[in-house]
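1. sequence and computational prediction follow.
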Amino acid sequence: MSTLEKMKILTDSAQYDLCDYVSHNKSSQVNLPGIYEAIGHNGCKIPLFKTLLTNKCKNDCKYCINQSKRNFTRLELSPEELAKAFLGYYNRGLVNGLFLSSGISGDVDETMEKQVETVSILRKKYGYDDYIHLKVVPGASKDSIKRAMALANRVSINIEAATPSGLAELSSTKDYNKDILKRLSWINSLQNKSTTYPNSTHTTQLIVGANGESDKEILERMEKIYKKSDLKRTYFSAFTPIEETEFSKKEACS
């Protein structure tokens, strides 16, 4: 399978992760998959290349297009392959930045290492110094988070739910306090206590309408997080049912 064919699948698999924009209009050009328009606070449109490193994933998130139980084409790009694909876009003036996320194909730290390696190749081998947003996967080690923050302009970890029980409704493979909130705390602590990451900010995302959580629970959780951290922004993603997932019959959140 060619790199372009892989990109078409992996960029489509990345479409549900929100990043640095209000609307997320994907390029309709079939030969240029993965271009999303970021819209800043001043209305300026910023094209980003948005993709997964792999759509292979061991997690069983019941709402997710990439969940382990779903039957579809699974593949991945190597860090070098992805770096070159992105630079092909960037050097032609098609995009101004990269948003990189990934499924978890096996070991969590191996997945994070491949993401960090991709960004390191761009920065150190090819001299790319523009915008990069890197997604931290739940359960990532502190060392891999440190290296991600030293290389990326922005990192994020999705909290997905407002409560441990709410996350348990969505997935049986993630620990809310250990894998997510603890990592969010590490990111904030690293940002505040070191001069190594002066330009790295962080965000999070929460799924609304996929579980039984109330608006009150969601707002209370975010209030706690904002009081304890320098979180740049929270993205609220309205639940949309996806075929061949456990939540395919659930009503979409309007």
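-> Done, it's in.
2. please name every helix or strand in contact with the lowest-mean-pLDDT helix or strand in the chain.
-> Here the helix or strand of the chain ranked lowest by mean pLDDT, DSSP states H and E is strand 35-39, holding a mean of 80. Helices and strands touching strand 35-39, by 3 or more Cβ pairs under 8 Å, 6 or more residues apart in numbering; DSSP states H and E, are strand 45-52. Just so you know, the C-beta spots here come from the backbone N, C-alpha and C atoms, and that holds for glycine as well.
3. tell me the buried residues in the following helix or strand past the strand it packs on?
-> Once the chain leaves strand 45-52, the next helix or strand it forms, by DSSP states H and E, is helix 79-91. Residues of helix 79-91 classed as buried: 79, 82-83, 85-90 (neighbour count, 16 or more other Cβ atoms under 10 Å).
4. so who does Glu113 touch?
-> Glu113 is in contact with Ser144, counting by Cβ atoms under 8 Å, 6 or more residues apart in numbering.
5. 10 Å instead, please
-> Taking Cβ atoms under 10 Å, 6 or more residues apart in numbering, we find Glu113 in contact with 79, 107, 120, 140-141, 143-144, 147-148.
6. export these to JSON lines and tack on secondary structure, distance to Asn55 and pLDDT?
-> Converted to JSON lines, the contacts of Glu113 look like this (DSSP: H, G, I helix; E, B strand; the rest coil; distance: Cβ to Cβ, whole Å; pLDDT from 0 to 100):
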{"residue": "Pro79", "secondary structure": "helix", "distance to Asn55": "16", "pLDDT": "97"}
{"residue": "Asp107", "secondary structure": "coil", "distance to Asn55": "17", "pLDDT": "92"}
{"residue": "Ser120", "secondary structure": "helix", "distance to Asn55": "22", "pLDDT": "97"}
{"residue": "Ala140", "secondary structure": "coil", "distance to Asn55": "18", "pLDDT": "97"}
{"residue": "Ser141", "secondary structure": "coil", "distance to Asn55": "23", "pLDDT": "97"}
{"residue": "Asp143", "secondary structure": "helix", "distance to Asn55": "25", "pLDDT": "95"}
{"residue": "Ser144", "secondary structure": "helix", "distance to Asn55": "20", "pLDDT": "96"}
{"residue": "Arg147", "secondary structure": "helix", "distance to Asn55": "23", "pLDDT": "94"}
{"residue": "Ala148", "secondary structure": "helix", "distance to Asn55": "20", "pLDDT": "94"}
